[in-house]
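Undergrad: Have a look at this fold, sequence not included:
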């Protein structure tokens, strides 16, 4: 795949596979084009080349959902969490009330992400972590097959980070969702993802099973000389890209190496 | 429509109020009580999507629209209704602004600024070139007290259209107003929503110019909706509060116009801004 924006080539040759029903990470330093690639996979920006998804059991195209990184919105807009979720689910205009089925779906989605108590809250008053959860709930409303998350834990505190990682595992294990997330926080990626694709300078530098792929040599290749992964409480000097490990979970679990979205060089 | 307008006028005639003794006042009340809430309902998204400047540009396109009407009348000898050309030019300008906005990376206010200047310049150039002696004032300040039955029918038709549009588009507009990227990934036809809402605003503005005039028509969309935004906690509340503020401003403003013999469009907007000031205080108190 190739992507050029405003005459500048952002990604020159990307050929990557992601694991179906796994947690996939797209990593790379700032400015490497991670978000651009994510948006291209979603079909939000024009690109050359192809993106292939494995079709669903019913033969249809998989449903995609997106949780954007910087969710800029006007925080003064009077809209509740319930309004946002129902607006997505019901035909009846909100000024004529919320539909019962939409309310139920909204409540279920919030329960899934552990945010039932935010049901009546004003969208503009949510914290970063709360907003993130609501956006995941919104994404889950459509019962997606693949969910894309852009820097899901940026601006979320350590405790929130751990909870969020639990949520991703829950989505994968209970809902069979394929998760594709962008992150530059190596700690989260190593602790908690199944598959990793590293990009830098517009090309894929390495990809494969997370633990096998994220060798010290590969990390240096992607993030630069002074990068390393360190475990929580065992800080090493010189590590600047990797943060403290928040997701202390068992990494090993069964997953299928069948590749939905597959983007091929164009 | 005709029967409904008759019925509304008869209803208003039943009110034992001195200031509604004259037929033209009753017509003015019916027209403004229909148009002002319709404007306020659409205004919810003009405010939430920051389209006040867009609405103002459409209002000023009436300069070009009216002048074009004068010009065509002069050329043809047959009379072309400036209301028709005003509406067509308004829709055209709305479509062009939306098209350029979607295709170029210039900021929206720059694009609107260019369109704004172009339509005013075109209006002045046409009027001076044709040495038209016809009066622009009724378009600048509105002519609520000079409406005819056609205007009332058109007002009612438009309000019904706005309400129908809102029933269909409200939820989509809401998601689009929160975040366009999000709307796109939720499978929303953002282009269709974008264009249709721009054209709806153009339609409303060019009709509502009859009430307040070019200079104040944007206030009819923005001020009641902003008032509602200060008070509402949910999207549905904002919608109904905006409509209520619009209705209150229309009735109260018309009464003040009668009482002090002032221009009706101006007094309606004065009441609307007064309500806005109140809502600021109430909103601030509620937040504490």
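TA: Great, that's in hand. The structure displayed is predicted, hence computed values, not measured ones.

Undergrad: From here on, just use CA atoms for contacts and neighbour counts.
TA: Will do.

Undergrad: The helix or strand containing residue B:152 near chain A anywhere?
TA: Residue B:152 belongs to helix B:149-178 when elements are defined using DSSP states H and E. Yes: judged by CA under 8 Å from any CA of the partner chain, helix B:149-178 comes into contact with chain A at B:166, B:167, B:168, B:169, B:170, B:171, B:172, B:174, B:175, B:178.

Undergrad: Low-confidence ranges, the stretch 101-250 of chain A, go.
TA: Applying pLDDT under 70 to the stretch 101-250 of chain A flags residues A:217, A:224-250.

Undergrad: Pick out the residue in it sitting closest to chain B.
TA: Closest approach between the stretch 101-250 of chain A and chain B, counting by CA to the nearest CA: residue A:122, at 7.1 Å.

Undergrad: can you check chain A too?
TA: Residue of chain A nearest chain B, by CA to the nearest CA: residue A:95 (3.9 Å).

Undergrad: Quick one: residues contacting that residue.
TA: Shown in contact with residue A:95 (CA atoms under 8 Å, 6 or more residues apart in numbering or on different chains): B:235, B:236, B:237, B:239, B:240.

Undergrad: on that earlier part again, what phi and what psi does the backbone show at the residue of the stretch 101-250 of chain A closest to chain B?
TA: For residue A:122, the backbone dihedrals (degrees, to the nearest 10) come out as phi -80, psi 130.

Undergrad: At which residues are the strands of the chain located?
TA: This is for chain A. Secondary structure of chain A, counting by DSSP state E: strands at A:3-5, A:8-11, A:16-17, A:23-27, A:50-52, A:64-67, A:146-150, A:178-183, A:195-200, A:203-209, A:262-264.

Undergrad: Quick check: residue A:76 vs residue B:226, distance?
TA: To residue B:226, residue A:76 is 11 Å away according to CA to CA, to the nearest Å.

Undergrad: my bad, residue A:134
TA: Residue A:134 sits at a distance of 26 Å from residue B:226 (criterion: CA to CA).

Undergrad: and what of residue A:56?
TA: Taking CA to CA, one finds residue A:56 at 46 Å from residue B:226.

Undergrad: More neighbours: which of the two?
TA: Comparing residue A:56 with residue B:226 by other CA atoms under 10 Å in any protein chain shown, the one with more neighbours is residue B:226, at 28 against 11.

Undergrad: Contacts only, for residue B:169.
TA: Neighbouring residues of residue B:169 by CA under 8 Å, 6+ apart: A:93, B:193.

Undergrad: Distance check, it against residue B:226.
TA: 20 Å.

Undergrad: ok, back up a step: okay, the contacts of residue A:95 in TSV with pLDDT and neighbour count next?
TA: Listed next are the contacts of residue A:95 as TSV, based on pLDDT from 0 to 100; neighbours: other CA atoms under 10 Å in any protein chain shown:
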residue	pLDDT	neighbour count
B:235	96	25
B:236	97	20
B:237	97	19
B:239	98	27
B:240	98	20
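
Undergrad: So which of the residues you listed reach chain A?
TA: Answer for the contacts of residue A:95 near chain A (CA under 8 Å from any CA): B:235, B:236, B:237, B:239, B:240.

Undergrad: quick one: secondary structure of residue B:276?
TA: Using DSSP: H, G, I helix; E, B strand; the rest coil as the criterion, the local structure at residue B:276 reads helix.

Undergrad: Quick check: it touching residue B:231?
TA: No: between residue B:276 and residue B:231 there is no contact under CA atoms under 8 Å: 9.8 Å.

Undergrad: burial of residue A:71, as a residue count?
TA: Neighbour tally, residue A:71, other CA under 10 Å: 15.

Undergrad: In contact with the nearest residue to it once chain neighbours are set aside, which residues?
TA: Residue nearest to residue A:71 in three dimensions, not counting chain neighbours: residue B:179, with 7.4 Å by CA to CA, 6 or more residues apart in numbering or on different chains. The contact partners of residue B:179, taken as CA under 8 Å, 6+ apart, are A:71, A:72, A:73.

Undergrad: Which of those fall within helices?
TA: Nothing among these maps onto helices, per DSSP state H.

Undergrad: ok, how many other residues are close to residue 113?
TA: Picking chain A for this. Residues contacting residue A:113 under the criterion other CA under 10 Å number 24.

Undergrad: hmm, I had chain B in mind actually
TA: Using other CA under 10 Å, residue B:113 has 14 neighbouring residues.

Undergrad: nearest residue to it other than its sequence neighbours?
TA: Using CA to CA, 6+ apart and skipping residues adjacent in sequence, the residue nearest residue B:113 is residue B:57, 7.7 Å away.

Undergrad: ok, now which ones touch that neighbour?
TA: B:112, B:113, B:115, B:116.

Undergrad: if we can go back for a sec, which of the residues of helix B:149-178 next to chain A ranks first by neighbour count?
TA: Counting neighbours by other CA under 10 Å, residue B:170 leads the residues of helix B:149-178 next to chain A with 27 neighbours.

Undergrad: ok, now how distant is the closest residue in space to it that isn't next to it in sequence from residue B:43?
TA: Setting aside the residues directly before and after it, residue B:170 is nearest to residue A:93 in space (CA to CA, 6+ apart), at 5.6 Å. From residue A:93 over to residue B:43 the distance is 16 Å, taken as CA to CA.

Undergrad: and if you look at residue B:246?
TA: Using CA to CA, residue B:246 is found at 10 Å from residue B:43.

Undergrad: Tell me where the model's unsure across the stretch 1-150 of chain B.
TA: B:77, B:132-134.

Undergrad: out of everything not next to it in sequence, what's closest to the closest residue to chain A within chain B?
TA: Distances between chain B and chain A by CA to the nearest CA are smallest at residue B:236, namely 3.9 Å. What sits nearest to residue B:236 in space, not counting adjacent residues and going by CA to CA, 6+ apart, is residue A:95, at 3.9 Å.

Undergrad: Go ahead and flag the most central residue of chain B.
TA: residue B:205 (3.4 Å; CA atoms, centre = their mean).
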